[in-house]
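> what follows is a predicted structure for the sequence shown.
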Amino acid sequence: MRTKTWILAFLIFLAANGCGEKESAEETFTLSPVEIAAINSEAVQTLGSIARSQQAYHLEFDALPPDTSNYAETIGKTETANFSYTSSLKGENSIIVATPKKEGVPPHVAFVYPDGEGFFEVMVCKTPVPLPDPIPLPANKNCPAPLLPQG
């Protein structure tokens, strides 16, 4: 008899506290500036890791990798909770894009491009929303308009 009483009391507790009920609308959250800065930092760090991975790939194979498969092994991911990472080649330039999964967070772009001395430079830029299509290449070691320097 006691077991039935406990089960009944538990079910009443759940019903009184709204447990088991589905919300009719999804909750939306607004990110604070501190949270956005932390998420941006994740993009910059991951883009830097991917760019270094591409530089190492170039040193070994004398070419930039054609897609994300080589750095998925190197850094262990092409997706995080906050971003999806993709890359593409434009001539001797690699463009790596961090597309945000949360509203209010800007996309980021990293460029890996030859420095003219056999090595590759890396530049990380913030982008306005939406991302320009096609993404312009950097000139004179500056983020191409409308992209902004990360910092």
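Alright, I've got the coordinates. Numbers count the residues shown, from 1 in each chain.
> ok, residues contacting the one helix or strand S87 maps to?
With elements taken from DSSP states H and E, the one containing S87 is strand 83-90. Here strand 83-90 makes contact (Cβ atoms under 8 Å, 6 or more residues apart in numbering) with 39, 42-43, 46-47, 50, 54, 64-68, 71, 77-79, 94-101, 108, 137. C-beta: built from backbone N, CA, C; applies to glycine.
> now do 7 Å
42-43, 46, 50, 64, 66-68, 78, 94-101, 137 (Cβ atoms under 7 Å, 6 or more residues apart in numbering).
> identify the bridge partners of the spatially most central residue of the chain.
For the chain, the residue nearest the mean C-alpha position is F83 (2.6 Å; Cα atoms, centre = their mean). Counting by DSSP bridges, F83 is bridged to P100.
> would you mark the buried spots in the longest helix seen in the chain?
If you go by DSSP state H, the chain has its longest helix at helix 33-61. For helix 33-61, burial by neighbour count (16 or more other Cβ atoms under 10 Å) applies to 39-40, 42-44, 46-47, 49-55, 57-58.
> find the least confident helix or strand in this protein, judged by mean pLDDT.
helix 2-16 (a mean of 53; mean pLDDT, DSSP states H and E).
> packing partners of the longest helix of the chain?
helix 69-75, strand 83-90, strand 93-100, strand 108-114, strand 120-126 (3 or more Cβ pairs under 7 Å, 6 or more residues apart in numbering; DSSP states H and E).
> can I get the second one in PDB, CA atoms only?
Output in PDB follows, covering the C-alpha atoms of strand 83-90 (Å, rounded to 0.1, in the frame of the first residue of the first chain):
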ATOM      1  CA  PHE A  83      30.200  26.600 -35.500                       C
ATOM      2  CA  SER A  84      30.300  24.500 -38.700                       C
ATOM      3  CA  TYR A  85      33.700  24.700 -40.500                       C
ATOM      4  CA  THR A  86      34.200  24.300 -44.200                       C
ATOM      5  CA  SER A  87      37.000  25.100 -46.600                       C
ATOM      6  CA  SER A  88      37.500  25.700 -50.300                       C
ATOM      7  CA  LEU A  89      40.400  26.500 -52.700                       C
ATOM      8  CA  LYS A  90      40.600  29.500 -54.900                       C
END
